[in-house]
Structure formats: structure tokens, C-alpha cells
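K.L.:
have a look; sequence and predicted model below, questions after that.
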Amino acid sequence: MQTSSKDAAIAIDGPAASGKSSVGLMLADDLGYLFLDTGCMYRAVTLAVLRRKVDINDEQAVVLLTKSLDLAILPPDGSKDGRLYTVLLNNRDVTWDLRFGEVDVNVSQVSAYKGVRRDLVRRQREIANQGKVVVVGRDIGTVVLPDAPLKLFIIASVEERARRRWLEQLERTENVDYEQILKDIVRRDRIDGNRQHSPLRQATDAIIIDTTNKSPESVLEEILALEYFQSIRTRR
Ligand code: CDP
């Protein structure tokens, strides 16, 4: 589907493992838009903190490190390993390293730091300003792109979210503990939703899409049937 440049940004937010990245990518592909998953940026900073053995409780050191990082998010470029995009951290491919349990456990603490958010939001807006883009995260509709013409808030039951993450991880490794994943998702939602700076919130003008018991394809269909896309079609 073709859209005009006025319809430049679509903001997608939602809690952990709600399916927002898969649906965001499918939507971007369908529209011919860029796809930006901002979660991978917070994950990349967390990976750098862990690898460089920076004290995660030292906010100033974490912010300084964030500002120094060379971060690039590229299309998967033919990689057939199931990745949605490729992430380069200081020119090294860290796409799968971002999914390590240790990153999951620590990412919400790093994301709560104001200086980290300020630096990453600036980078996100630079990318979004380049043109038609689907941006996925926690604060896209509320903070990063408050003027986005379409905002979606993707939800699913916590059990379904944990089951999806469990299945995803089973494809890459054998030792996957559903109960642990469930606990981690609940914990991350609590920290992300209660932090002082840019907590996970549904924008007042966002449309809620519940993906529980729905396939990604049917969710995409539901989104494309929204009034917003009908009006774009008639304007063409
Ligand atoms: O894929 P999943 O939903 O599990 O997480 P993600 O989107 O990769 O985000 C990982 C973490 O980054 C979240 O738990 C948040 O702490 C943080 N995040 C954020 O604070 N703001 C964003 N715009 C995106 C992610």
C-alpha cells in the first residue's frame, strides 16, 4: 500500500512481549515504511554496560557510556536466522546477544536513567525524521513522537506473552524456563510502568489492539482495517 509523506510516522507501544515488534515489522513491510524497534537500543546499551563491566548502579557512568556508543540498526540483509533487523554496536553484530537473559534482567534499570533516555530518544527522532517509519517501544506515542498521526497500544494477557517469549527462546536454546520468563515479564512491566521518566503508558489518543489468541496475520489485518488507513486510501 502507498501512503503520502504526511502520514510519516506510526507509533506502536505496549508491554513486554506483547507482539508489537512482529506486528510493527509486518506493518512496515506492508506500507513500505522503515521499521525501528527502540527496545533494541536500550538492550544494546545494557549489553555494553555488562560487557564493559560498568557499575549498573552508577547512573553517571552508564549515561557517559551510552553517549559514547556507535549504534546502528540495519535491515536483516538476507540473514536467514529469524532476525527482524541487524544491530551493530561499535561495528560488531550483537543482534542475538541482545536477547541474552542477562540483558533481559538488567535492561529496565538502564532504561530508567534519564540521561540514557535523553540520548536514545534524540537518536530515535533523528531516524524517525528521515521519513515514513513505524516506531515501536514504550514511550513512542507519549514522548518520542507525540504528534504521530496513528498510535497503537498493543496488549496481550501476561500468560500469552510469556508463552510467546518461551517459544521464541526455544528456537534458539534448549534450557528455557517458562516460569522464569513469566516472572521476568511481570517484573519488567512493573519497573517500566512505574519509573519516573517516560513510564510505559498508553497515549490518550492511542488505539488498543489486544493480540491475545490472535495470529500476527490477523492482527495486521485488524490494524489495516482501521479508519486511519481507510482515510489514507481515499486521499490517494
Ligand atoms: O521485546 P520486549 O517487549 O520484551 O522488550 P523490548 O521492546 O526489547 O524492550 C526492552 C526494554 O527496553 C523494556 O523492558 C524497557 O525497559 C526498555 N524500553 C524503553 O524503556 N523504552 C522504549 N521505547 C523501548 C524499550
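P.N.:
Ah, there it is.

K.L.:
low-confidence stretches in the chain?
P.N.:
Where the chain drops to pLDDT under 70, the residues are 1-7, 233-236.

K.L.:
by contact count, what packs against the longest helix anywhere in the chain?
P.N.:
For the chain, the helix with the greatest residue count under DSSP state H is helix 178-194. Judged by 3 or more C-beta pairs under 8 Å, 6 or more residues apart in numbering; DSSP states H and E, the packing partners of helix 178-194 are helix 101-111, helix 158-170. No exception for glycine: its C-beta is placed from N, CA and C like everyone else's.

K.L.:
quick one: buried residues of it?
P.N.:
181, 182, 184, 185, 188, 189, 192 (16 or more other C-beta atoms under 10 Å).

K.L.:
around the ligand, which positions in this structure sit nearby?
P.N.:
Residues of the chain lying near the ligand by C-beta under 6 Å from any ligand atom: 16-17, 21, 38-39, 42-43, 107-108, 111, 137-139, 188, 192.

K.L.:
could I get the full set of strands for this structure?
P.N.:
Counting by DSSP state E, one finds strands in the chain at the ranges 9-13, 34-37, 71-74, 86-89, 92-93, 133-137, 150-155, 207-210.

K.L.:
could you save those strands as JSON lines and add columns showing mean neighbour count?
P.N.:
Formatted as JSON lines, the strands of the chain follow (neighbours: other C-beta atoms under 10 Å):
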{"stretch": "strand 9-13", "mean neighbour count": "27"}
{"stretch": "strand 34-37", "mean neighbour count": "22"}
{"stretch": "strand 71-74", "mean neighbour count": "15"}
{"stretch": "strand 86-89", "mean neighbour count": "19"}
{"stretch": "strand 92-93", "mean neighbour count": "11"}
{"stretch": "strand 133-137", "mean neighbour count": "26"}
{"stretch": "strand 150-155", "mean neighbour count": "23"}
{"stretch": "strand 207-210", "mean neighbour count": "16"}
